[in-house]
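[1] here's a sequence, model it:
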Amino acid sequence: MKYRDLRVGLVYLVLSLANAAARYGHVAFGDAAVDKDARNSYRPLAEAVNSGTPLYFDGAATNKPPGFLLTDVGVESLGHYLPVFLLLVGLANFGAAVLLYRYVARSNWQAGVVAGGVFLLALYPVSGYYVNVRSFAVLFLLGSLLASRPVVRGVLFAVAGLFTQYVVFLLPLVAAPVVSRAKFDARKVATFCAGGVGVTALAWGVVLGVWGTESVLAGLDWTYGLPTGVETQPAWGDRTGIGGGTEPRSYLARSWLVAQPGQWVARLGLHGAPIAPVVAGAALGAVRTMTCERSEFRVELVAAGALAAVPFLVRALIDYWILPLPFFAALAALYVTGDLAESGPEESAEASSDETSGVQNAGVADAPGRS
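    Residues are numbered from 1 along each chain as shown. Next up is the predicted model:
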């Protein structure tokens, strides 16, 4: 490890833990409320499971995959639920920032440093330091994008998917280097698939071994089937109907973009406003990529940002920004440290050259003719 990498990592660690501590301080000593999802769903679910309720049943039902729920139950069993979970989220954000730095540094190390720092700072206003699933998913997703061995790539991507199903939209991007026609290798494809399927089967195997077949079937329905409930009290998927009940719905019916476009626009703008500079920088970087700098890496960043933003087509929740944020930060960093810095001097030089040329041409035109 280079000394530079060590210094960057130390700065990221301080930023991550400081933000995590600030979030805990706001809740414990300030006027901030405990995270809504943690208060209404995650912690009651973990308490129910630790009291004997099978996972994915009654008060222990939710649409989250087993990777997050097993983490949730484990944290609650340790006691001090909120500080422990916020510490884990802070460490996950730190790890994601380091991986983002390494990911972008392959193209431009200065941009990598900026990308990681921007990512960590932009996380706070979009609930990135709350109890959430996406901080963990981003960590393993970036790890899968960096992994060179197909089996490791598959394993890490599957772990990300065990925290949030929405990473499935990025599967084509993660699998592309493995299934590329130019470098197609059936053995590599097989190991990639085996790694992903194996880890997923292991997680569901834990659910099967601890809570039985009914929990597995219910979990598959809640996690990968059509959503069959809305947010309730005390848990998102309370099948007993206590404190809010359930309501059959489809993904189309749940889409604010289709059913409530006004609310969709308002929430998207409200939550996106605090990170508007990052989004604007990413947009400029994407335009630059599509028009001038079509390197394979930058096209990958644009594709990743677009695919990670697909959940916004369903709802514009604040924590949905976390998944595309690392790619937005990378594009913005590349634009600021590379494109913007390079275009300024070049344009000035071109303008100066044009002015000099114009003066010279004018001098030639005004010179008296020779006899």
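
[2] first to last residue in stretch 284-298, what's the distance?
    12 Å (CA to CA, to the nearest Å).

[3] list the buried residues in that stretch.
    The neighbour-count check on stretch 284-298 (16 or more other CB atoms under 10 Å) flags 284, 285, 286, 288, 289, 293, 298 as buried. Every C-beta, even on glycine, is put in place using the N, C-alpha and C of the backbone.

[4] quick one: the residue most central in space within the chain from residue 25, how far?
    The chain has residue 323 as the residue nearest its centroid, 1.8 Å off, counting by CA atoms, centre = their mean. Distance, residue 323 to residue 25, using CB to CB, to the nearest Å: 26 Å.

[5] just residue 310 next, same as before
    Taking CB to CB, one finds residue 310 at 34 Å from residue 25.

[6] higher neighbour count, those two?
    residue 310 (15 against 11; other CB atoms under 10 Å).

[7] I'd guessed the more buried one sits against residue 166; true?
    Yes - with contacts counted by CB atoms under 8 Å, residue 310 reaches residue 166, the gap being 7.3 Å.

[8] contacting residues for residue 12?
    94, 97, 98, 101, 116, 117, 120 (CB atoms under 8 Å, 6 or more residues apart in numbering).

[9] just to check, residue 336 is in contact with residue 115?
    No - under the criterion of CB under 8 Å, residue 336 is not in contact with residue 115, lying 9.8 Å apart.

[10] how many residues are close by the spatially closest residue to residue 53 that is not a sequence neighbour?
    Counting by CB to CB, 6 or more residues apart in numbering, residue 60 is the residue found nearest to residue 53 once chain neighbours are left out, at 4.5 Å. If you count neighbours by other CB under 10 Å, residue 60 ends up with 27.

[11] which residues touch residue 60?
    45, 48, 49, 53, 54, 235 are the contacts of residue 60 under CB under 8 Å, 6+ apart.

[12] what's the local residue count around the fourth one?
    Residue 53: 17 surrounding residues under other CB under 10 Å.

[13] ok, the first one next?
    Burial of residue 45 is recorded as 29 neighbouring residues (other CB under 10 Å).

[14] let me see the mean pLDDT of the helix or strand where it lies.
    Under the criterion of DSSP states H and E, residue 45 resides in helix 43-50. The pLDDT scores in helix 43-50 average 93.

[15] chain center to it, what's the gap?
    Taking CA atoms, centre = their mean, to the nearest Å, one finds helix 43-50 lying 26 Å from the centre of the chain it belongs to.

[16] just checking, next helix/strand downstream of it?
    Next element after helix 43-50 (DSSP H and E): helix 66-78.

[17] flag every buried residue along the helix or strand just after that next one.
    Next helix or strand after helix 66-78 toward the C-terminus (DSSP H and E): helix 81-105. Using 16+ other CB under 10 Å as the test for burial, helix 81-105 gives 81-82, 85-105.

[18] ranges for the helices of the stretch 201-350 of the chain?
    Here the stretch 201-350 of the chain has its helices, by DSSP state H, counting those that start in this stretch, at 213-224, 251-254, 256-259, 261-272, 276-291, 296-308, 325-334, 340-366.

[19] and the ones you listed, which one is worst for confidence?
    Among these, helix 340-366 scores lowest, with a mean of 47.

[20] in the contacts of residue 60, find the pair that's most separated.
    Greatest spatial distance in those: 54 and 235, 13.2 Å, computed using CB to CB.

[21] neighbour-wise, which of the two wins?
    residue 235 (25 against 18).

[22] can you check the pLDDT for the more buried one?
    On the pLDDT scale, residue 235 gets 41.

[23] OK, contacts around residue 328?
    Contacts of residue 328 (CB under 8 Å, 6+ apart): 275, 278, 279, 281, 282, 305.

[24] got the contact list for residue 273?
    No contacts exist for residue 273 under CB under 8 Å, 6+ apart.

[25] what about it, distance to residue 280?
    11 Å.

[26] same check, this time on residue 23
    For residue 23 relative to residue 280 (CB to CB), the value is 26 Å.

[27] for these two, indicate the residue with more neighbours.
    residue 23 (23 against 13).

[28] quick one: which helix or strand includes the more buried one?
    Going by DSSP H and E, residue 23 is in helix 3-28.

[29] give me the angle between that helix and helix 81-105.
    150 degrees (axes from the mean of the first three to the mean of the last three CA atoms, to 10 degrees).

[30] other residues contacting whichever helix or strand comes after helix 3-28?
    Next along the chain after helix 3-28, taking DSSP H and E as the criterion, comes helix 36-37. If you take CB under 8 Å, 6+ apart as the criterion, helix 36-37 is touched by 130, 131, 132.

[31] quick one: helix 36-37 to chain centroid distance?
    19 Å.

[32] average pLDDT for it?
    84.

[33] now residue 140: phi and psi?
    Per-residue torsions, residue 140: phi -80, psi -30 (degrees, to the nearest 10).

[34] next, residue 61: phi, psi?
    Dihedral angles (degrees, to the nearest 10) for residue 61: phi -110, psi 140.

[35] and it, what's its pLDDT?
    pLDDT at residue 61 comes out at 82.

[36] so it touches residue 222, yeah?
    Yes - with contacts counted by CB under 8 Å, residue 61 reaches residue 222, the gap being 5.9 Å.

[37] look at the two and report which has more neighbours.
    residue 61 (29 against 21).

[38] ok, that one to residue 77 distance?
    For residue 61, the distance to residue 77 - CB to CB - is 19 Å.
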